[in-house]
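> quick one, structure for this:
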Amino acid sequence: MLNTSFVGDWRIIVQEHDAAWAQRVVLQNTAAGQQTLSGVVGARLDVIGNSTNPWTLTIDHNDGSGWNSNDLKLDPLQIVGSSITCVIRSEDNPGPGSDNDYNDLVVRLEKIGMVDQPTPPFAVWPATMQAMPEGIFEAALGRYFLAMNIRNIWTQPWPAQTAVGLTLRCRNWLQAAGIVVNDSWTTNDQAAVGQVVSAGRVQVGALQPWESRLIYFKVDVSSGQVGKHNVEVEVLEPVAEDLNHINPKARAPMQVSRTTYDPTTKTFVGSCDRGTITVSIKRLTVDYHTFKRSVGRLRELMQSGGVGGGTGSTGTSGSSCSRAELERVRKRLLEFLAGKDVDICGIWRELQCCCSGRGSDGGGGDWTGQGAGDVAMFAFPTLLDYKIDYSPSFTGQYGPIPFDDPWWKLLLAIIAILLTIAAFVSAAADLANHSDDVVIGKVERTILNAFKKQSDIPTPITSATPGNVDVAVIKLNGHRTLTSAIFSYKDAASDEENTTPIVSLNGRIDTTGATLTNAQIDQLFQNLSDNPGDPAAQAAMQVFKSGARSGTTPALLGSLVPTMPRGPEEDGSTVFFVNQLSFVQDPATPTKISRGGDSGSLWVQRNAPMAIVALNHAGDDPDTTGFGSRIEDVMTAIDIVFG
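Numbers count the residues shown, from 1 in each chain. Next up, the predicted model:
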């Protein structure tokens, strides 16, 4: 035959040359394309394969007329331990008169490596089994599972008892970089990642050629150097992989970053191998349910001595930290809230230790299912300022291309996670002792009894016909600081659009909680109709509301609207209300009447008796008209009284 094919990475060594003519080895379709090795004895070449695609080998000779292919013969594969070798013999003139000894050029192929990493290793946070953004190991969070995808590139099935571990030189590299490899695995941790570990080696078994598997090692990067660090694996048993033949792809980099909080500038500073990013968080979105859970768990930790899985020598059940250690963590959290120069990431690590049942000595114990995961919450920045300082700095005219390397975007995501599980944990710890101030209440019931179709509206409609309402009843927790006039409203504020106060700018409007009946509202309209020039009749129509969006809004009671469509609703439909009150701009103080967010505010008379008139729930497009349900209809629908 004139050529043969191989898959994967192989070392080619010229073993014998017994011919008068020049010889060479030619390789096609390798990762480097076409490659040539001279026919000199001892010449060698490491050929990197193109994944699972085969590459071809030919041996040529030059008799003076150009290069022509030799005839090839292959010896059977030899497998000894982790070594696989193949000897290829060639004859440059196999025709009549040839010696046909097939030793004109003899080459030996040695398989390089048993395992590789087709993708870089990545970080998994054990407390939640959450993969970090792009797999970056953030030093502030300390302990991780180092997850890697390993693949059998040996071209033969691995033996049944095969295990994969980190090479000794890899462990030395990581140790020199401040990264600690932890070979202590509990039963729970092994079950969590679905593997068996013995002496730091993961039992993989008879993995088939080119088959892959995800395996995990334990690392602590708390003291790790910022940058990329090589992680190298080898097949360790039942045969020891020859380090001289380890595949180059058995080595891949892990990325370590470090994020700290600067209480002076109130910024987070994240560093990686490419430089630093400084971020100032302006606005956050926090998930209510996980925040509530975090507050409750932190309250339990701070009040009962911990939520972990161990029992400390001087602490309480559920924590391996003593009362004194817990109190120290609490004080540091409070100092952080007060703006003092405190390392929030150090606090977080102490909190993890107490929660995980391993204590502040950094000992063993489960890494999964316990610890800081139950005090984490979803909180992500929605508005921030940031700057990037590249290392080395960029000296061009416009600066670096923003998207040439996404590392800084990954750090933004990591900072978001830190905010989720560190900065907000400190705030939540302080709130934990009075969490009723965090969870202020719950919705008891809601009523929206508008008509779905206009044809459903009863006729005739008179002012005595009960109006539709859109209303909810909320039960508040605990007690609030209230004056004797409990029906109080915030007056116009100097930083709002409308600065015309009802009582005093930046002040408060106190009322008795009196309400108008539907009949009394009818009488107001009748009085104004009968006496349009009467100042008292005009004053009775002057109202205000204190809305969340529009602030304190003066307006006039407009009319009773027999039928009012409102839409689109959440499902895209239009609903129909009967007997709603409209509120219009007061020419003396024109302002926006009702905007999204004002729903639920009360319309109240501006003058004595300052009675409640209606509950606001809608407005028109230019915000010049608002609509509300008559307060008697609301009180009847949900069976409440004001008093």
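> for this structure, longest strand please?
As assigned by DSSP state E, the longest strand anywhere in the chain is strand 551-566.
> show me what that one pairs with in its sheet, parallel or antiparallel.
Strand 551-566 pairs in its sheet with strand 542-547 (antiparallel), strand 575-584 (antiparallel), by DSSP bridges.
> avg pLDDT for that strand?
Computed over strand 551-566, the mean pLDDT rounds to 94.
> pull out the buried residues from that strand.
Within strand 551-566, the residues scored as buried using 16 or more other C-beta atoms under 10 Å are 551-558, 560, 562, 564, 566. To be clear about C-beta, it is placed using only N, CA and C from the backbone, and glycine gets the same treatment.
> of all the residues you listed, which comes closest to Arg151?
Nearest to Arg151 among the buried residues of strand 551-566: Arg566, at 61.0 Å, using C-beta to C-beta.
> which strand residues bridge the residue nearest to Ile457 when sequence neighbours are not counted?
Nearest non-adjacent residue to Ile457, counting by C-beta to C-beta, 6 or more residues apart in numbering: Phe451, 5.3 Å away. Beta-bridge partners of Phe451, counted by DSSP bridges, are Phe576.
> pick the most deeply packed of the strands paired with strand 551-566.
Stretch with highest mean neighbour count among the strands paired with strand 551-566: strand 542-547 (a mean of 24; mean count of other C-beta atoms under 10 Å).
> what about dumping the CA coordinates of that strand to PDB?
Taking Å, rounded to 0.1, in the frame of the first residue of the first chain, the C-alpha atoms of strand 542-547 are listed here in PDB:
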ATOM      1  CA  GLN A 542     -61.400  70.900  44.300                       C
ATOM      2  CA  VAL A 543     -59.500  67.600  45.100                       C
ATOM      3  CA  PHE A 544     -56.000  66.200  45.300                       C
ATOM      4  CA  LYS A 545     -54.200  62.800  45.300                       C
ATOM      5  CA  SER A 546     -50.700  61.900  46.500                       C
ATOM      6  CA  GLY A 547     -49.600  59.400  43.800                       C
END
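> I'd like the average pLDDT over that strand.
Averaging pLDDT along strand 542-547 gives 94.
> show me the contacts for Thr552.
Residues counted as contacts of Thr552 (C-beta atoms under 8 Å, 6 or more residues apart in numbering) are 489-493, 496, 498, 501-502, 509, 544-546.
> just put those in JSON lines and tack on secondary structure.
As requested, those are arranged in JSON lines below (DSSP: H, G, I helix; E, B strand; the rest coil):
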{"residue": "Tyr489", "secondary structure": "strand"}
{"residue": "Lys490", "secondary structure": "strand"}
{"residue": "Asp491", "secondary structure": "coil"}
{"residue": "Ala492", "secondary structure": "coil"}
{"residue": "Ala493", "secondary structure": "coil"}
{"residue": "Glu496", "secondary structure": "coil"}
{"residue": "Asn498", "secondary structure": "coil"}
{"residue": "Pro501", "secondary structure": "coil"}
{"residue": "Ile502", "secondary structure": "coil"}
{"residue": "Ile509", "secondary structure": "strand"}
{"residue": "Phe544", "secondary structure": "strand"}
{"residue": "Lys545", "secondary structure": "strand"}
{"residue": "Ser546", "secondary structure": "strand"}
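> among these, name the buried ones.
Buried among the contacts of Thr552 (16+ other C-beta under 10 Å): 489, 491-493, 498, 501-502, 509, 544-546.
> elements contacting the helix or strand hosting Phe627?
Using DSSP states H and E, Phe627 sits in strand 625-630. Strand 625-630 sits against strand 551-566, strand 575-584, strand 612-619, with contacts defined as 3 or more C-beta pairs under 8 Å, 6 or more residues apart in numbering; DSSP states H and E.
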